[in-house]
Each structure stands twice: as structure tokens, then as C-alpha cells.
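Trainee: structure, please.
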Amino acid sequence: MCIEPTTALLIASAASSAMNFQQQKQQAKYRYAAQVRQNNLARENAIQRAAAETLKIRQITKQKLEKGYFAALKAKRARATYISEAGAAGLALSGSTNALLANFYRQEGNYKASLQRNMNVNISQYRRNLEAIQFGQKAQSTYTQQPNAPLLFASNALNVANTYYGMEYQKELMGMKSQRQKTLEQNQFKQKYFNSEYI
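Mentor: Residues are numbered from 1 along each chain as shown. Okay, the predicted model is just below:
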């Protein structure tokens, strides 16, 4: 059995397109898996960074609260010592001694207010860091595109069809009869020599 060269070329083109389809389909699956993996890594990274920032702000908060507690304790001891020494010396709490006590309260209040201002700065920075982490996750994430096997198949089928029609066109240009011309001649022959009822 002899196969026409153009038919052999068409068969080779179809086989090549079939292998190409399988390869493209596998590559699309790998690409999608890589995109999903990248997004998972970006999300896990963001979660870890947010957890680290949260731990850091908790430690800073605890530290500031302890500083405030020890400052209040120290101020109370200093006032108690001053009042007890003044009482032991038989001094009544006069205007100057009350002013000195007010100075203790003022210094304690200033220190606590300073701690609160620093804590507010830290909380504000913590919020900005969380926003940056979220933005970083978005920047590290990729658009996922699931493999579209029907589209790949259609593309490869169109390539085979393009090869076929290209070969037919080349036949016509070289003066050979294409399959289309052969079919037209057969139909004309049937119409000319046979009754249309038997066709």
C-alpha cells in the first residue's frame, strides 16, 4: 500500500500536534501548580511576619506596662518616705512641702504620659507594618490560570487543519488537483452522468 507524500506529511503533522498538545497540557499543569505554590508561600510568609510583629508589639506593651508599674511604685515609695520623714521631724505639710509632693506627682505623670506617647508610636508603627506585610503578600502572589485543555486541543487541531489546507493550496499552485477539486469533479460527474435520484 502506497501512501501519498502529502498524506504522510499530514499524518506526521497530526502526530506532532498530538504530542505538542500533551506537552503543552503538562506544562500548563506545572505552571498552575507553581502559581498555587507561590501564592501559598506568599500567604505563609505574610502570616509568619504578622505573627512576629504581633509578638513584638505584645512584648513592647508588656515592657511599657512594667515600666509604668515600677515608676508608680517608685513614686509612691518616694512620697511615702517624704511624708513619713516630714511627719517624724514634726513638720506639718505646708505650701512648700505640698509643692514638693506635687512635683513628685508631676514627674510621675510626665513619665507615664511619655510611656503612653511611645506606646502610641509603637502601635502606629505596628499597624503600618501589618499593612506593608499585606501589600507584600499581594506583591508576591501571582495570578493563577488553570490549564485549559479544550483550548489547547482546539489550537493544535487548528494547526493540523492549517497544515492540511496549506498543502492543498500548494497543490493547486503547482497545478496538481487538490482534494477539494477532486471532490468537485466527482460531484459534477455524478450530476452529469447519473440521475440525481440515485445520488
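
Trainee: when you work out contacts or count neighbours from here on, use the C-alpha atoms and nothing else.
Mentor: Fine.

Trainee: what's near enough to touch the residue nearest in space to the middle of the chain?
Mentor: Note on the chain: the residue nearest the mean C-alpha position is Ser141, at 2.0 Å, using CA atoms, centre = their mean. Neighbouring residues of Ser141 by CA atoms under 8 Å, 6 or more residues apart in numbering: 35, 38-39, 42.

Trainee: packing partners for the top helix by length along the chain?
Mentor: Using DSSP state H, we find that the single longest helix of the chain is helix 5-88. The contact analysis (3 or more CA pairs under 8 Å, 6 or more residues apart in numbering; DSSP states H and E) places helix 5-88 against helix 95-140, helix 149-173.

Trainee: got CSV for these, with mean pLDDT too?
Mentor: Converted to CSV, the helices and strands packed on helix 5-88 look like this (pLDDT from 0 to 100):
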stretch, mean pLDDT
helix 95-140, 87
helix 149-173, 78
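
Trainee: measure the closest residue to Ile123 other than its chain neighbours to Glu66 for me?
Mentor: Leaving aside its chain neighbours, Ile123 sits nearest to Ile57 (7.1 Å; criterion: CA to CA, 6 or more residues apart in numbering). Distance check for Ile57 against Glu66: by CA to CA, to the nearest Å, it reads 14 Å.

Trainee: looking at the two, which has the bigger crowd around it?
Mentor: Ile57 (17 against 12; other CA atoms under 10 Å).

Trainee: so how far is Asn45 from that one?
Mentor: 18 Å.

Trainee: also Ala157?
Mentor: According to CA to CA, Ala157 stands 43 Å off from Asn45.

Trainee: with Thr144 instead?
Mentor: Distance from Thr144 to Asn45, by CA to CA: 18 Å.
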